[in-house]
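Colleague: Task: produce atomic coordinates for the following.
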Amino acid sequence: MRNQKLYVITGPTASGKTAKAVALAKKCNGEILSADSRQIYKGMDIGTGKDLNEYEDIKYHLIDICEAGYKYNLYEYLRDYKVAYQQVINRGATPILCGGTGLYVESVLNGISLPEVPENRVLRDSLANKTLTELTQILESYKKLHNVTDVDTCKRAIRAIEIQEYYNKYPELKSETLPHPIKDYVLVGVDIPREDRRMRISLRLQRRIEDGMIDEVKNLLNQGISPEDLIYYGLEYKFITLYLTNHLRYDEMCEQLEIAIHQFAKRQMTWFRGMERRGFKINWLPYDIPNDEFADRILNDF
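Modeller: Okay, here's the model as predicted:
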């Protein structure tokens with residue numbers, strides 16, 4: 001198998017990553033591998049900003065790969081990414097990882113591999129009546145918590161404990177989870193000033209509501225997906241579900257959702273700055289240069 005450079009385009013929400021990845025793909029026979037934790041779900045289109053028309057004739061992967069209502073995890077992402085990446089390489093194409101889920105991006109670049117951990121029914125039953133606080137304390141006895149999504153629900157906390165218990169039982173598997181960083185990659189961040197980002201987020205939210213985002217969430221509820229499952233996905237799906245289930249007024253929904261998206265973008269930037277502190281070189285390019293120029297600079301400067 002030939003060695004193939006991986007191009008990575010990341011950045012905060014509303015920075016225009018997809019269009020820039022498509023421009024790059026056109027110039028280097030590329031295919032795009034999504035690094036977005038919510039675009040994997042079918043029927044969650046407007047709220048996740050799939051904008052599939054932007055891809056034109058460029059092949060994309062890891063979008064619309066599981067049903068809404070499911071709770072996809074990092075193990076599954078890394079498994080599916082490796083399969084998709086190999087398919088791209090086998091076709092002689094250039095892989096381009098594009099998305100703003102920092103955990104996915106960093107795990108790929110670190111070469112993380114997570115072994116499949118089977119269900120432990122006895123352990124689950126013993127933890128079933130514990131509070132989330134109690135479960136968090138148990139998990140902290142196994143490891144330092146870096147990923148707070150491990151403890152955002154009791155179900156996820158129990159699964160995290162189950163995994164750690166499995167590693168304790170089979171310590172040789174723990175070494176598989178250690179980083180084996182990949183070498184040949186270019187990591188590019190889309191740099192957008194805070195005020196420009198805030199303006200684009202606000203305008204985009206208004207446009208998505210006008211384009212039918214509320215009806216999208218209503219349709220998901222009508223398909224039988226529980227309000228709790230949609231709230232789990234956060235942001236648009238959380239606040240619109242709260243509105244549709246009469247827990248928020250329309251104006252409250254709009255105001256709280258906009259605030260939440262701004263906070264989310266800030267957390268994304270915090271993650272990327274953390275990656276830089278952890279030794280990743282992010283080559284930041286301005287969001288407002290033409291997409292073709294953005295792509296040329298990636299190919300020629302880095």
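Colleague: From here on, just use CA atoms for contacts and neighbour counts.
Modeller: Noted.
Colleague: What is the least confident helix or strand in this protein?
Modeller: Ranked by mean pLDDT, DSSP states H and E, the weakest helix or strand in the chain is helix 154-169, scoring a mean of 87.
Colleague: Of all the residues in that one, which ones are buried?
Modeller: 154, 156-167 (16 or more other Cα atoms under 10 Å).
Colleague: Turn the residues you listed into a markdown table, including distance to Gly92.
Modeller: Below are the buried residues of helix 154-169 laid out as a markdown table (distance: Cα to Cα, whole Å):
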| residue | distance to Gly92 |
| --- | --- |
| Cys154 | 44 |
| Arg156 | 38 |
| Ala157 | 41 |
| Ile158 | 42 |
| Arg159 | 38 |
| Ala160 | 38 |
| Ile161 | 41 |
| Glu162 | 40 |
| Ile163 | 37 |
| Gln164 | 39 |
| Glu165 | 41 |
| Tyr166 | 38 |
| Tyr167 | 37 |
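Colleague: Out of the residues you listed, which is nearest to Ala35?
Modeller: Arg156 (20.9 Å; Cα to Cα).
Colleague: roughly how far out does the lengthiest helix in the chain sit from the chain middle?
Modeller: Using DSSP state H, we find that the single longest helix of the chain is helix 250-277. In terms of Cα atoms, centre = their mean, to the nearest Å, the centre of helix 250-277 is set 14 Å apart from its chain centre.
Colleague: So which elements touch the helix or strand just after it?
Modeller: Moving toward the C-terminus from helix 250-277, the next helix or strand (DSSP states H and E) is strand 283-286. Under the contact criterion of 3 or more Cα pairs under 8 Å, 6 or more residues apart in numbering; DSSP states H and E, strand 283-286 touches strand 185-191.
Colleague: Gly102 and Ile96, how far apart?
Modeller: As defined by Cα to Cα, to the nearest Å, Gly102 lies at a distance of 15 Å from Ile96.
Colleague: Could you do Val108 as well?
Modeller: On the measure of Cα to Cα, Val108 and Ile96 end up 12 Å apart.
Colleague: Of those two, give the one with the bigger neighbour count.
Modeller: In this view Val108 and Ile96 are compared by other Cα atoms under 10 Å, and Ile96 has more residues nearby, 28 against 21.
Colleague: helix/strand/coil for the more buried one?
Modeller: strand (DSSP: H, G, I helix; E, B strand; the rest coil).
Colleague: do Tyr7 as well
Modeller: strand.
Colleague: OK, contacts around it?
Modeller: For Tyr7, the contacting residues are Pro95, Ile96, Leu97, Tyr185, Val186, Leu187, Val188, by Cα atoms under 8 Å, 6 or more residues apart in numbering.
Colleague: Dump those to JSON lines, plus distance to Glu252 and pLDDT.
Modeller: Shown next, in JSON lines, are those (distance: Cα to Cα, whole Å; pLDDT from 0 to 100):
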{"residue": "Pro95", "distance to Glu252": "42", "pLDDT": "98"}
{"residue": "Ile96", "distance to Glu252": "39", "pLDDT": "98"}
{"residue": "Leu97", "distance to Glu252": "36", "pLDDT": "98"}
{"residue": "Tyr185", "distance to Glu252": "43", "pLDDT": "97"}
{"residue": "Val186", "distance to Glu252": "42", "pLDDT": "97"}
{"residue": "Leu187", "distance to Glu252": "38", "pLDDT": "98"}
{"residue": "Val188", "distance to Glu252": "36", "pLDDT": "98"}
